[in-house]
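**Q** Have a look; sequence and predicted model below, questions after that.
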Amino acid sequence: MANPTPSNIYPSLSYDNASEAIDWLCSAFGFTKRLMVPGPDGTVRHSELSLGPGVIMVSSTKPDENRMSPRRLSGLHQVLTVLIEDPDDHYAKAKAAGAEIVAELKNEEYGARGYMAKDLEGHMWYFGTYQPGIYWDA
């Protein structure tokens with residue numbers, strides 16, 4: 001069993017083709033598989049992926065539970081922000097793996113550096129040096 005994560009928030013994302021999404025998230029964004037629980041007919045009942053100390057959960061869509069891929073929804077519903085050490089290197093690898101870049105790599109006016117990408121089913125991701133409580137005054 002994988003070690004527990006120090007995070008207390010675990011985003012759970014649904015994909016029409018969760019197996020393909022998991023492989024893509026690992027190759028494009030650098031996640032690693034921690035746990036994989038197969039479901040019927042090639043679906044994914046539950047999985048856990050790590051990037052640094054963070055963990056996301058990925059599963060197949062479940063329309064009867066209103067878990068849908070963003071490709072079936074209109075508008076932007078969320079952006080996952082991931083702290084990474086080297087946004088330039090991460091950006092290059094994601095772009096080379098075919099990630100759709102929706103905001104180019106840049107230095108933000110508040111001091112962070114990062115970029116925004118859309119994954120293969122439309123989930124939005126911001127990868128950069130942003131850390132809550134560091135860049136903005138309360």
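**A** Good, I have the coordinates.

**Q** Ignoring the adjacent residues along the chain, who's closest to Val44?
**A** Leaving aside its sequence neighbours, Val44 sits nearest to Ala18 (CB to CB, 6 or more residues apart in numbering; 3.7 Å). Yep, even glycine has a C-beta here, placed from its N, CA and C like the rest.

**Q** Next, the residues that contact stretch 88-106 from outside, please.
**A** Residues outside stretch 88-106 that contact it (CB atoms under 8 Å, 6 or more residues apart in numbering): 24, 27-30, 84, 87, 113-120, 124, 126-127.

**Q** What about those, which are in strands?
**A** 113-118, 124, 126-127 (DSSP state E).

**Q** most surrounded residue in the residues you listed?
**A** Phe127 (25 neighbours; other CB atoms under 10 Å).

**Q** Tell me how far that one lies from Ile22.
**A** From Phe127 across to Ile22, the span is 18 Å (CB to CB, to the nearest Å).

**Q** Report all helices and strands that the longest helix along the chain contacts.
**A** For the chain, the helix with the greatest residue count under DSSP state H is helix 18-29. Helices and strands touching helix 18-29, by 3 or more CB pairs under 8 Å, 6 or more residues apart in numbering; DSSP states H and E, are strand 32-38, strand 44-51, strand 54-60, helix 87-96.

**Q** So for the last one, what gets flagged as buried?
**A** Pointing back at helix 87-96 there. 87, 90-91, 94-95 (16 or more other CB atoms under 10 Å).

**Q** The following helix or strand past it: partners in the sheet, and parallel or antiparallel?
**A** Using DSSP states H and E, the helix or strand that follows helix 87-96 in sequence is strand 100-107. Strand pairing for strand 100-107, determined by DSSP bridges: strand 113-118 (antiparallel).

**Q** what is the rounded mean pLDDT of the strand it pairs with?
**A** For strand 113-118, mean pLDDT rounds to 96.

**Q** residues in contact with it?
**A** 29, 79, 84, 87-88, 91, 94, 99-108, 124-130.

**Q** Quick one: buried ones out of these?
**A** If we count by 16+ other CB under 10 Å, the contacts of strand 113-118 have these buried: 29, 84, 87, 91, 94, 99, 105, 124-130.
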